[in-house]
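Participant: Next comes the sequence, and after it the predicted model I'd like to discuss.
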Amino acid sequence: MLRHAIAPSRRFTKASHDVVRHVRLTSDAKILLLVVQGLPDEQAGRPLSEHARKLGITGRAYQKAKELLVVHGYVHEWRAQGERGRWVTEQLLSNVPLTREQAAALRPGCAPASPSVPKPTVGEPAVRMAGHQLPVEEEREKNSPHPPSEAERDRVAATGPACVTGPECVTGAERAAGPACVTGPEGAAGSAPETDVELAPEVADGERVLLSLRHQRRELYLGVKEARGLAELAARWLLRGVSEGELRRVLTSELPGDGVRSAVGFLRFRLLHKMPPELPVSPSPHPTAPSPVAELTVCTAPGEEEHVFRPLSDETECGPCRRQAARELWERQRTPAEAESDLLSWRERFARIGAPASGGEAAPCAP
């Protein structure tokens, strides 16, 4: 007798027709949604990517499936920073599409707070101090996120403080008396517009390299004044045989793991401590004494006109005359040899050069 053994209900997952017949969801998105829907509560804390990895949905297929689920309201994500500063991503998956507000209301452990009710501050409420001014000893120095470079400090030390007319004064008596003197780059900038300084070619190239670092690493962003303050150090690299591309690679590679806090300080430290050695100065070659010029000599070759030339050694005839004499000698020797060869037979020619005749021994050479 046959019996049908039906598995318990926990072995099945109810699939909504809206999900199965959804025309815009891919098969990977539907399978991932149904699998996560049927998981027990103890596995709800795992990320969606881990469940997709177990199903073999990885790479671009998982990204596409998740994108479709997020677009159609089946998956919602929130990123928040925890108590210890770490970022945590919370995911909510439902078998029906939800809006952002509906999903936020169903978010476990997070009740929607009214934006009009701020968090209470710590301590007792105090009266607002309006018009209060800090003591003089506390406002003498200012903390600037961009400290002046070494070049600017040297320029200010060489030229002296700049005078500017404005509302900023040191004391109340000076405010009543008239304008005040302010030292620093702000006073120099307020007194007169900064004039363009003619830079050396190497310094201009170094400044251009420093300004281009922002395109490769965003944390190495420099202003114009900061780059000009470090341009002299970069120019020393270029003068020591380092190309612009090599300098850019040295400054942007192997950055600290926790990020760059101050681009100016980091680049100044690296330019100083990784500077290549100076190129060896090659000794200039000693100038050689010019060879003495020979005096003009009269050519002794027979000719109609007497002419002179400058000999290279101990020759007595000039070059054109020696070539003409050699050509005439060659023609005199060639003419009898050609006339004699036309009169001899081939046997006599072989006998003259000492070659063996056909069928016999070598003929004796003619005297």
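Facilitator: The structure has been received and is ready for your questions. What you see is a predicted model; the values in this text were computed from it and never measured.

Participant: which residues sit against the helix or strand containing residue 35?
Facilitator: If you go by DSSP states H and E, residue 35 is part of helix 27-37. Residues from elsewhere that reach helix 27-37 (CB atoms under 8 Å, 6 or more residues apart in numbering): 13, 15, 19-20, 22, 25, 48, 51-52, 55, 57, 61-62, 64-66, 68-69, 74, 93, 95. No exception for glycine: its C-beta is placed from N, CA and C like everyone else's.

Participant: Which residues are in contact with residue 20?
Facilitator: residue 30 are the contacts of residue 20 under CB under 8 Å, 6+ apart.

Participant: in the lengthiest helix in the chain, what counts as buried?
Facilitator: In the chain, with assignment by DSSP state H, the single longest helix is helix 319-343. Buried residues in helix 319-343, counting neighbours by 16 or more other CB atoms under 10 Å, are found at residue 321.

Participant: Alpha carbons of the following helix or strand past it, in CSV - could you do that?
Facilitator: Per DSSP H and E, helix 319-343 leads on to helix 346-353 as the next helix or strand towards the C-terminus. In CSV, the C-alpha atoms belonging to helix 346-353 read as follows (Å, rounded to 0.1, in the frame of the first residue of the first chain):
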residue,chain,number,x,y,z
TRP,A,346,93.0,30.8,-75.6
ARG,A,347,95.8,28.2,-75.2
GLU,A,348,98.4,30.9,-75.1
ARG,A,349,96.4,32.9,-72.6
PHE,A,350,96.1,29.8,-70.3
ALA,A,351,99.8,29.2,-70.7
ARG,A,352,100.5,32.8,-69.8
ILE,A,353,98.6,32.6,-66.5
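
Participant: Same question for helix 346-353: list its buried residues.
Facilitator: 350-351.

Participant: what about that helix, average pLDDT?
Facilitator: If you average the pLDDT over helix 346-353, you get 76.

Participant: That one to helix 319-343, inter-axis angle?
Facilitator: With axes from the mean of the first three to the mean of the last three CA atoms, to 10 degrees defining the directions, helix 346-353 sits at 130 degrees from helix 319-343.

Participant: where does residue 295 land on pLDDT?
Facilitator: In this model, residue 295 carries a pLDDT of 87.

Participant: For it, the count of nearby residues, please.
Facilitator: As a burial measure, residue 295 scores 8 neighbours (other CB atoms under 10 Å).
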